[in-house]
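In: With the input below, show me the fold.
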Amino acid sequence: MNQAVSVAQALLRSLFDAAVASAQPAVCIAPHLPSPKSLGNGRLVVIGAGKASAAMARVVEDHWKGPLSGLVVTRYGYAVACERIEIVEASHPVPDAAGLAAAQRMLEVVQGLQADDLVLCLISGGGSSLLPLPLDGLTLEHKQAVNRALLKSGASINEMNCVRRHLSAIKGGRLAAACWPARVLTLLISDVPGDDPINIASGPTVADPTTCEDALGIVRRYGLDLPQPVMEVLRSGRGESVKPGDPRLARSEVRIVAAPQMALEAAAQVARDAGYGVCILGDAIEGEARDVGKVLGAIALQVAQRGQPFPAPCVLLSGGETTVTVRGSGRGGRNVECLLSMGLTLAGHPRIHALAADTDGVDGQEEIAGAVLAPDTLARALAHGIKPADALASNDGHGFFQALGDSVVTGPTRTNVNDFRAILINA
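Out: As a prediction, this is how the structure comes out:
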């Protein structure tokens, strides 16, 4: 690796690290905790789900001097030791029996609360799969089949969560309703485009304006072949969630404590400090990963070749959540698919480098956050007998970049503010 490539990749990685650091629970949770004095004689019960939830729980324990108890479920490998809050690990993105048991117990934990009790709910991305409690008449196997079908379909995260909410006994406001008459304060780390609380972990403590008919429309739109009991729940309307105005949610408050835009702004400051102009293209970019990659590549070329709409040197930042319609048998990952598509568009432009990674450290189902792209990436691949276009056609972004040693591996970051993309364009 020549020095210019090494310097560019080091800067890109520092931008990604700054984005992840800005969304750490240690930074964003404590300012939103209530005072123990505000509870009077009430209890504090902590519940939560998501990839960041265990780290969030640890912060609560560190800052809460009064008594507390609770239960939080996180992804395997994302646990953080707590003394008073029980931490359970379960599977993501396809749910398992551990998540099912944790969701059942969570509803039990909040039974019998009083009006002066406070439920502190810690929610982050991944919670949908980690709380897979199905409605009566459905099984865990049904929920697993639905998740697999959705993950392969190309549906957006908002569409996926709409379907999930209407098959769940705990999402779509049902968890908050179960806490009544206690107060509920939900602290959210957003991993969804637009930061709508109903779509973060499928909104277990948030009223849901969508309907079973909306969920059916998504099933039809993507031609999903779902089990008959699932279709019966949706067609009959049995899966209707808790709606706006429900009195059981009258004492429920929701706060977003970290979000993709905050992470992009943290990265932007690092780039400015390094002498680069910065443009944040958007924090909620959606669409097919390979199509987004083409568009971002075309914008980068316009900057490099025309100085439009921004002069080089500059860094283009973006976030959001793309999707992948699985056609091949490769090792997938929406960030690496986006990056590989971008690389084909850039065709080895000598002044453009890029990084695309998921802030939770997991892109797709691989324990790999993403990858970096250099001007010589395509040439090195061809020298190794790897055809970039074939890798993209087979959805094998991870296989492609890993073979070149260009994967970005972080291990569990214990947070999640979704996709992060940075394109560095030198003068």
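In: how near is the spatially closest residue to residue 65 that is not a sequence neighbour to residue 44?
Out: With sequence-adjacent residues excluded and distances taken as C-beta to C-beta, 6 or more residues apart in numbering, residue 65 is closest to residue 36, at 6.1 Å. Backbone N, C-alpha and C define where each C-beta goes, glycine included. Taking C-beta to C-beta, to the nearest Å as the measure, residue 36 falls 8 Å from residue 44.
In: With residue 155 instead?
Out: 37 Å.
In: likewise residue 231?
Out: 41 Å.
In: who has more neighbours, those two?
Out: residue 44 (22 against 14; other C-beta atoms under 10 Å).
In: Tell me the buried residues in stretch 93-100?
Out: 93-96, 98-100 (16 or more other C-beta atoms under 10 Å).
In: do the same with stretch 190-209
Out: Buried, per 16+ other C-beta under 10 Å, within stretch 190-209: 190-193, 195, 197-208.
In: Restrict it to CA atoms and write it as CSV.
Out: Presented in CSV, the C-alpha positions along stretch 190-209 are these (Å, rounded to 0.1, in the frame of the first residue of the first chain):
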residue,chain,number,x,y,z
SER,A,190,-32.0,5.7,16.3
ASP,A,191,-30.9,3.4,13.5
VAL,A,192,-33.6,4.3,11.0
PRO,A,193,-33.9,6.8,8.3
GLY,A,194,-36.0,9.7,9.5
ASP,A,195,-35.7,8.8,13.2
ASP,A,196,-39.3,7.9,13.6
PRO,A,197,-39.7,6.2,17.0
ILE,A,198,-42.3,3.7,15.7
ASN,A,199,-39.6,2.2,13.4
ILE,A,200,-36.8,1.9,16.0
ALA,A,201,-37.0,-1.7,17.1
SER,A,202,-40.6,-1.7,15.8
GLY,A,203,-41.7,0.8,18.4
PRO,A,204,-42.5,-1.4,21.5
THR,A,205,-43.4,1.7,23.6
VAL,A,206,-44.8,4.0,20.8
ALA,A,207,-48.4,4.2,19.4
ASP,A,208,-48.6,2.8,15.9
PRO,A,209,-50.7,4.6,13.2
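In: quick one: it to chain centroid distance?
Out: 11 Å (C-alpha atoms, centre = their mean, to the nearest Å).
In: average pLDDT across it?
Out: Confidence over stretch 190-209 (mean pLDDT, whole number) is 95.
In: Equivalent analysis for stretch 352-370, please.
Out: pLDDT averaged over stretch 352-370 gives 95.
In: List the buried residues of it.
Out: 352-364, 366, 368-370.
In: Same question for stretch 26-34.
Out: 27-29.
In: Just the strands from the stretch 201-350 of the chain, written as ranges.
Out: 252-258, 277-285, 314-320 (DSSP state E, counting those that start in this stretch).
In: tell me what the second one is packed against?
Out: Pointing back at strand 277-285 there. Strand 277-285 sits against helix 260-273, helix 289-306, strand 314-320, with contacts defined as 3 or more C-beta pairs under 8 Å, 6 or more residues apart in numbering; DSSP states H and E.
In: Show me what it pairs with in its sheet, parallel or antiparallel.
Out: strand 314-320 (parallel) (DSSP bridges).
In: now the angle between helix 289-306 and the partner strand, please.
Out: Angle, strand 314-320 to helix 289-306, by axes from the mean of the first three to the mean of the last three C-alpha atoms, to 10 degrees: 160 degrees.
In: Report the mean per-residue pLDDT for strand 314-320.
Out: Mean predicted lDDT for strand 314-320 stands at 97.
In: and the angle for it with helix 260-273?
Out: Going by the same axes, to 10 degrees, strand 314-320 makes 170 degrees with helix 260-273.
In: hang on, the earlier thing: can you lay out the helices and strands packed on strand 277-285 as TSV showing mean neighbour count?
Out: Shown next, in TSV, are the helices and strands packed on strand 277-285 (neighbours: other C-beta atoms under 10 Å):
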stretch	mean neighbour count
helix 260-273	20
helix 289-306	19
strand 314-320	23
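In: For those, give me JSON lines that also has distance to residue 6.
Out: Formatted as JSON lines, the helices and strands packed on strand 277-285 follow (distance: least, C-beta to C-beta, whole Å):
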{"stretch": "helix 260-273", "distance to residue 6": "17"}
{"stretch": "helix 289-306", "distance to residue 6": "20"}
{"stretch": "strand 314-320", "distance to residue 6": "17"}
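In: Relative to residue 85, which of the ones you listed is closest?
Out: helix 260-273 (25.2 Å; C-beta to C-beta).
In: Residue 162 and residue 218 touch, don't they?
Out: Yes - using C-beta atoms under 8 Å, residue 162 makes contact with residue 218 at a distance of 6.0 Å.
In: Give me the more crowded residue out of these two.
Out: Comparing residue 162 with residue 218 by other C-beta under 10 Å, the one with more neighbours is residue 162, at 26 against 21.
In: Make sure that one is indeed in a strand.
Out: No - secondary structure of residue 162 (DSSP: H, G, I helix; E, B strand; the rest coil): helix, not part of a strand.
In: tell me the contacts of it?
Out: 210, 214-215, 218 (C-beta atoms under 8 Å, 6 or more residues apart in numbering).
In: Out of these, which is nearest to residue 266?
Out: residue 210 (32.3 Å).
In: Spatially nearest residue to residue 9 (excluding sequence neighbours)?
Out: Using C-beta to C-beta, 6+ apart, the nearest residue to residue 9 is residue 372, at 5.2 Å.
In: Packing partners of the helix or strand hosting that neighbour?
Out: Following DSSP states H and E, one finds residue 372 within strand 370-373. In terms of contacts (3+ C-beta pairs under 8 Å, 6+ apart), strand 370-373 is packed against helix 3-22, helix 334-346, strand 352-358, helix 397-403, strand 407-408.
In: Contacts for the fourth one, please.
Out: By C-beta under 8 Å, 6+ apart, the residues outside helix 397-403 that reach it are 330-333, 335-337, 339-340, 363-364, 366, 368, 371-372, 381, 384, 386, 388, 391-392, 407.
In: which SS class is residue 423?
Out: Residue 423 is classified as strand under three-state DSSP.
In: quick one: residue 120 is in a strand?
Out: Yes - with three-state DSSP as the criterion, residue 120 is part of a strand.
In: now it, which residues is it bridged with?
Out: residue 46, residue 185.
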